[in-house]
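Peer 1: Sequence isn't available, so here's the structure alone:
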């Protein structure tokens with residue numbers, strides 16, 4: 001009987017600690033933090049979360065932007081960031097409407113930036129975008145079962 005009471009007390013203590021931990025993590029998460037499925041954020045999501053200056057710096061590093069290109073691209077990135085924030089804050093749109101609008105904003109921004117690049121930079125940007133798309137598809141694919149060990 002004593003062992004049963006001890007086991008019940010231990011289980012209750014563990015449940016209480018788990019509840020406290022869950023409440024503490026909810027309090028430390030900012031209210032405006034985006035949902036990030038399974039606690040992981042892919043590169044594309046990270047890129048979208050970067051502020052315009054960080055995105056411009058990354059593009060400069062990968063594409064070798066000139067000062068003139070940077071001056072023309074920065075306002076486009078700032079405008080996109082404002083549009084995306086307004087879209088996130090808009091509660092009148094359904095999830096699918098937001099997804100469609102998000103795609104429209106990203107495509108428009110991408111096309112405007114692409115116009116300012118040299119053919120070599122455009123090719124590099126297209127390759128980077130394709131690699132990102134492939135990584136996204138890999139994440140969406142169901143996990144394969146590990147091969148069975150042969151004895």
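Peer 2: Sure, I can see it. Bear in mind that the values here come from a model prediction, so they are computed numbers and not experimental data.
Peer 1: residues near residue 80, how many?
Peer 2: 20 (other CB atoms under 10 Å). Bear in mind the C-beta positions are built from the backbone N, C-alpha and C, glycine included.
Peer 1: For whatever helix or strand it lives in, enumerate the helices and strands it packs against.
Peer 2: Element membership of residue 80, judged by DSSP states H and E, is helix 67-89. Helices and strands touching helix 67-89, by 3 or more CB pairs under 8 Å, 6 or more residues apart in numbering; DSSP states H and E, are helix 52-63, helix 95-115.
Peer 1: Enumerate every residue touching residue 75.
Peer 2: Counting by CB atoms under 8 Å, 6 or more residues apart in numbering, residue 75 touches no other residue.
Peer 1: Quick check: which ranges of this structure have low pLDDT?
Peer 2: Across the chain, the ranges flagged by pLDDT under 70 are 5-7, 9-49, 143-151.
Peer 1: mind redoing it with 90?
Peer 2: 1-51, 128-129, 131-151 (pLDDT under 90).
Peer 1: Got phi/psi on residue 93?
Peer 2: Backbone torsions of residue 93, given as degrees, to the nearest 10, read phi -90, psi 150.
Peer 1: what's around the closest residue to it other than its chain neighbours, how many residues?
Peer 2: The shortest distance from residue 93 to any non-neighbouring residue, by CB to CB, 6 or more residues apart in numbering, is to residue 101 (6.8 Å). Residue 101 has 16 neighbouring residues, counting by other CB under 10 Å.
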